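In: task: produce atomic coordinates for the following.
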Amino acid sequence: MIKAFKKALYFPIAYYFRFWAKIQLSYWKPVIIVITGSSGKTTLLHLLESQIGKKAKYSHQANSSFGIPFNILGLKRKKLTLDEWFFLFLLAPSQAFRASPKEKLYIVEADCDRPGEGKFLASFLKPEITLWINSSLTHSANFDYLVKNKSFPSVEEAIASEFGNFLKYTKKLAIVNGDNLLIQKQLNKTQVPIKIVSKETLKSYKINENSTEFIIDDKKYTISFIAPKDVFYSIQMSNLLLKNLNLPFNTTFKNLIMPVGRNSVFQGIKNTKIIDSTYNATPDGVKTILEMFNEYPSKNKWLVLGDMIELGIKEKEEHEKLAAIIDSMDLAKIILVGPRVSKYTTPKLKKSANHFILPKEALDYILRNINGGEIMLFKGARFLEGIIEHLLLDRKDADKLVRREQAWQNRRKAWGL
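Out: Residues are numbered from 1 along each chain as shown. Predicted coordinates for the structure are as follows:
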């Protein structure tokens with residue numbers, strides 16, 4: 001009942017904040033560049049920030065129908081508690097008339113978590129340039145009814161169509177992943193020039209202990225973080241965008257600072273190493289991170305994998321697919337956390353795995369079994385960041401983990417973390 005009520009109010013309330021944000025945009029008049037897709041948006045945003053720097057304003061930690069208007073208005077939910085909304089409603093009108101940012105570029109990460117969100121954001125932002133990095137299952141439970149009522153033949157196509165709204169409202173240029181068939185089917189929604197990025201240009205991919213090297217069209221690019229192979233799409237899109245903006249491009253991304261939860265590396269207790277990839281867990285995103293971890297130069301690798309959530313009718317199928325990927329990996333230990341990976345992934349595995357429903361159970365198992373020298377990848381839902389927090393050598397590193405707001409801390413505490 002409460003969930004249905006919140007769902008019904010989502011767009012009506014979002015329109016309130018969009019109204020005031022539109023006034024601020026009318027004063028500001030920036031060149032708007034949208035980054036969209038099912039996964040990898042934030043990485044691309046930060047790659048661009050490392051190149052463009054202070055010439056642009058960026059929608060950090062804001063990619064939804066609420067988050068983007070909040071970002072434009074200078075509003076932010078700090079605790080994620082209900083009492084914040086009263087003050088946000090009161091502040092919005094005055095923030096609409098505040099002094100506009102000095103930056104002439106506004107680079108926006110935009111998501112489509114539900115039907116209607118792509119059109120809501122695209123018709124509001126009307127970007128000059130859109131960068132569409134991929135399209136796959138994400139929050140797909142929200143799109144199930146569109147398949148049931150035969151509006152679309154598949155959830156994947158329903159999601160891609162929603163993302164396609166950004167092409168429809170783009171005014172100058174679209175830069176897209178040309179290898180994604182779902183994106184290809186949406187290209188007829190725009191009349192602007194389209195630049196295609198393809199895996200044919202990737203000649204080499206090498207992951208090192210703390211960096212990643214790509215050779216694209218015989219040119220070497222280095223990122224000072226460990227990154228999955230698909231990041232080459234983001235590198236190419238960054239390159240094409242900067243050429244369009246007549247800005248210089250640095251192949252070493254020397255100013256890159258990655259956000260939390262995207263393959264951050266921490267020192268753990270007992271001389272262990274932790275790779276934190278707990279920000280989100282879409283099927284394609286999990287696949288690319290697992291493939292990355294398989295390439296990582298270490299022999300004592302532990303995988304701690306949580307559920308993928310909000311997959312709706314695709315839940316069983318997508319969790320079963322994980323088994324084949326895990327079986328192909330060189331792993332010393334497999335730890336699965338959550339009811340979905342326990343129910344669907346574990347029975348399909350050919351390798352031995354330890355599975356737990358609760359994250360506290362997994363934490364206790366890890367603490368009992370680590371000997372030193374292990375490198376552990378954490379990916380998926382089920383409060384895995386709460387497990388990591390108890391394994392850090394320097395407890396101050398907990399500030400660099402995801403979901404630090406009070407509401408999330410309260411939920412982890414209720415789960416014994």
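
In: now residue 371: closest residue in space, sequence neighbours ignored.
Out: residue 270 (7.0 Å; Cβ to Cβ, 6 or more residues apart in numbering). Where you see a C-beta, it was placed from the backbone N, CA and C, and this is true even at glycine.

In: does the one you found belong to a helix, a strand or coil?
Out: When classified by DSSP: H, G, I helix; E, B strand; the rest coil, residue 270 comes out as helix.

In: which element is residue 127 on?
Out: Residue 127 belongs to no helix or strand when assigned by DSSP states H and E.

In: tell me, how many residues neighbour it?
Out: Residue 127 has 26 neighbouring residues, counting by other Cβ atoms under 10 Å.

In: returning to what we had before: contact partners for the residue nearest to residue 371?
Out: Listed by Cβ atoms under 8 Å, 6 or more residues apart in numbering, the contact set of residue 270 reads 370, 371, 372.

In: give the rounded mean pLDDT of the helix or strand harbouring residue 24.
Out: Take DSSP H and E as the rule and residue 24 turns out to sit in helix 2-28. Mean pLDDT, computed over helix 2-28, is 89.

In: is it true that residue 129 touches residue 33?
Out: Yes. Counting by Cβ atoms under 8 Å, residue 33 is a contact partner of residue 129 at 4.7 Å.

In: shared neighbours of these two, anything?
Out: Common neighbours of residue 129 and residue 33 (Cβ under 8 Å, 6+ apart) are residue 241.

In: those two: which has the busier surroundings?
Out: residue 33 (27 against 23).

In: and the more buried one, helix, strand or coil?
Out: strand.

In: go on, residue 366?
Out: Classified using three-state DSSP, residue 366 is helix.

In: gap between residue 190 and residue 122?
Out: Remark: distance between residue 190 and residue 122 (Cβ to Cβ, to the nearest Å) = 11 Å.

In: ok, those two, which is more surrounded?
Out: In this view residue 190 and residue 122 are compared by other Cβ under 10 Å, and residue 122 has more residues nearby, 24 against 19.

In: just confirm the more buried one contacts residue 166, I think it does.
Out: Yes. Under the criterion of Cβ under 8 Å, residue 122 makes contact with residue 166 at 4.6 Å.

In: can you list residues touching both of these two?
Out: Counting by Cβ under 8 Å, 6+ apart, the residues touching both residue 122 and residue 166 are 34, 110.

In: dump the residue contacts of the closest residue to residue 404 other than its chain neighbours.
Out: Sequence neighbours aside, residue 398 is the residue nearest to residue 404 in space, at 8.0 Å (criterion: Cβ to Cβ, 6+ apart). Residue 398 makes contact with 389, 392, 404, according to Cβ under 8 Å, 6+ apart.

In: and the gap between residue 398 and residue 22?
Out: 39 Å.

In: also residue 46?
Out: 27 Å.

In: more neighbours: the two, which one.
Out: Ranked by neighbour count (other Cβ under 10 Å), residue 46 and residue 22 place residue 46 first, with 22 against 15.

In: show me what the helix or strand where the more buried one lies is packed against.
Out: Assigned by DSSP H and E, residue 46 belongs to helix 41-52. Other elements packing on helix 41-52 under the criterion 3 or more Cβ pairs under 8 Å, 6 or more residues apart in numbering; DSSP states H and E are strand 31-36, strand 56-58, strand 105-110, helix 231-244.

In: roughly how far is the helix holding residue 24 from the heart of the chain?
Out: From the chain centre to the centre of helix 2-28 is a distance of 22 Å (Cα atoms, centre = their mean, to the nearest Å).

In: in that helix, what counts as buried?
Out: 10, 14, 16, 17, 18, 20, 21, 23, 24, 25, 28 (16 or more other Cβ atoms under 10 Å).

In: now the angle between strand 31-36 and it, please.
Out: Between the axes of helix 2-28 and strand 31-36, defined by axes from the mean of the first three to the mean of the last three Cα atoms, to 10 degrees, the angle is 150 degrees.

In: next, the contact list for residue 416, please.
Out: 358, 360.

In: separation between it and residue 391?
Out: On the measure of Cβ to Cβ, residue 416 and residue 391 end up 15 Å apart.
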